[in-house]
Each structure stands twice: as C-alpha cells, then as structure tokens.
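Peer 1: sequence plus predicted model, see below.
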Amino acid sequence: MPNSQRPVYIYRPMTSADVASAHALSVQLKWPHRLEDWAMLQRIAQGFVVEDAGRLIGTAFTCPQGDYATIGLVIVSDEYQGQGIGRKLMEQALEACGSHTAMLNATLAGAPLYASQGFVDFGHIQQHQGNAMPPLPKVLPAGERCRSLTKADRSNQIELANDGSGLNRNAVLNDLFDVVEHSVGIERNGQLRAFAMLRPFGRGRCIGPVIAENPEQAKHLVAVLLAQVPNAFVRMDIPSDSGLGPWLEEVGLKQVDTVAQMVRGTPPQAIGGVHQFALVTQAIG
C-alpha cells in the first residue's frame, strides 16, 4: 500500500474520558477488568491510547513505583493486530519509564515483543481463581496474632508492601485503601509483620497484595479473608515460587494461567524479612 493510502493512527496520552472506551476494548478481548479497575489505573499511572478515526483501538500504561515502573494493559484490538501498533505503544510506555527500571508481566503472545525490546525473564506468575471453599486457618505460633486492620495501620502496611515487593507502593495502596472490603494482618510483639487485602476486582474479588514472612502466615491471612466471602468468585496472582499454589488448588482456587515476569535491568529485591505472596494485579505487579 502506498504511504499516502496507509491509515493515520493517532497516539496520545489517555485521559479519564477514555476509560469507558478502554474498558469496552478489554471486554471485546474477554479480559475481566471492570470499569472501576480501569479508572483506578488511570488515576495512578500514565496511560496511552491509539485511535483510528476517533475509535480507540489500543492502550498501554506505565506506573512508576520508586526505582521501577510497571507496564501493563498493553492491548490492541484484534482487527488491528500485525501493524506494529503494540510495538509503538510499548515504545511510548518505555519512554514514560524515564530513569525507572521497566518491568512487566508478559502473556505467551506478548513475550516475543518484549524480549525484542530488551526484557528478560526473572520469574513467573500463576493466576488462580474460582469459588473457594474457605479452609479453617491454622493456629499461629505463640506470640503471633491475626486481627483486622484499620486506618491507623496504613503506614505500616505501606512499609511492609514496599519491603516485600521492592517497589514504592505509596500511591498504589493509598488509592486501594478506600475500596478494600477487608484487610487483615499478623502482628508479633506489637509489630505488624504480615497483611493481606480483599477488594472487588474483575469477575468478583481479588486478594492482593499479600505480604508475609513465610507461606504459613500468607495461608492464614488468605484463609481468614476467604471466610469473609464464602462462595464468592476470588482471584489471586501469585509468584510461582511462593509455595501457595498447591494449597490454593486444594481450597478451590485453580490455576488458570501463567505469565512471565520480565524486566529491563535488575529485578526488584525484597528486604526486611518479608516477601510478596500475591500481587496487587498483573498490570501493577
């Protein structure tokens, strides 16, 4: 096709006015995100869209989180695949990372594009979901207790989330706090050492982030939260090496997908003796 006849696509920053169209695009692709999930990411991240004659046909986000920036929701409408649109959206998202180290969770289809742009694998994320059968939480070791968390605990939650993920979670968690239905934590000697949050997301609810010192703490917190929403559809995205996978299968949260964790540089490292056992979302990390 001569250059004069090639379609002219418009690439520009996303605004709140684009959220409904972006959500409609993800619905067409059978992605589970609600309108509210898109709105949340539009508030905390820098989004990009591409239009064809006023029709939104692609999206991407960059979410700065300290030394890192996560890239997510890179979508191109099916009928526009194979035209380099996804690559150009990724170039804009990468430019928005600036000096931050870029990282993302890649589907099988998207991984080759990201590898060609310098990303390398450093782990895998398992998507678990289903109508869980809440297990009885196991007894915690002496000196530990589980309790509901309040506004007074938020600064400690952010500190733990930062340590467990290696990212700066201030903006992300401060946005999530207002929509969380239940938040529980484990404290030892009066200090919060683990926590988990349950909130509406996608087809039902999501548990994440989950930050804990060990898998047993994480399982206890998840069991407590599942008991709050019996028979509800729940999703969790967990690192494949978290130790939670077989247990989640037993309680009814089946593994339905696996994506690759990819980074352009050194992956983030957990500190302070805590680790991230479940993500906020795949788009945010």
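Peer 2: Okay, I see it.
Peer 1: ranges for the helices of the stretch 101-250 of the chain?
Peer 2: 111-116, 154-165, 170-176, 215-228, 245-250 (DSSP state H, counting those that start in this stretch).
Peer 1: in the third one, what's buried?
Peer 2: This means helix 170-176. Neighbour counts using 16 or more other C-beta atoms under 10 Å place 170, 171, 172, 173, 176 of helix 170-176 among the buried residues. Every residue, glycine included, has its C-beta placed from N, CA and C.
Peer 1: in the helix or strand bottoming out on mean pLDDT in the chain, what's buried?
Peer 2: Across the helices and strands of the chain, the lowest-confidence element by mean pLDDT, DSSP states H and E is helix 111-116, at a mean of 88. For helix 111-116, the neighbour count (16+ other C-beta under 10 Å) marks 111, 114 as buried.
Peer 1: which strands and helices lie in contact with that helix?
Peer 2: Under the contact criterion of 3 or more C-beta pairs under 8 Å, 6 or more residues apart in numbering; DSSP states H and E, helix 111-116 touches helix 85-97, strand 254-263.
Peer 1: quick one: closest of these to residue 220.
Peer 2: When those are compared by C-beta to C-beta, strand 254-263 sits nearest residue 220, at 21.0 Å.
Peer 1: single out the most deeply packed of the helices and strands packed on helix 111-116.
Peer 2: With neighbours defined by mean count of other C-beta atoms under 10 Å, none of the helices and strands packed on helix 111-116 is more surrounded on average than helix 85-97, at a mean of 19.
Peer 1: what helices and strands are in contact with that one?
Peer 2: strand 10-13, strand 46-52, strand 55-65, strand 68-76, helix 111-116.
Peer 1: at 7 Å what do you get?
Peer 2: Packed against helix 85-97, as judged by 3 or more C-beta pairs under 7 Å, 6 or more residues apart in numbering; DSSP states H and E, are the following elements: strand 46-52, strand 55-65, strand 68-76, helix 111-116.
Peer 1: and this protein, what are its domain boundaries?
Peer 2: Under the assignment named as automatic domain parsing, the residue ranges that make up the domains of the chain are 3-99, 127-278.
Peer 1: using CSV, lay out the ones you listed together with distance to residue 111 and mean pLDDT.
Peer 2: As requested, the domains of the chain are exported to CSV (distance: least, C-beta to C-beta, whole Å; pLDDT from 0 to 100):
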stretch, distance to residue 111, mean pLDDT
domain 3-99, 12, 93
domain 127-278, 6, 97
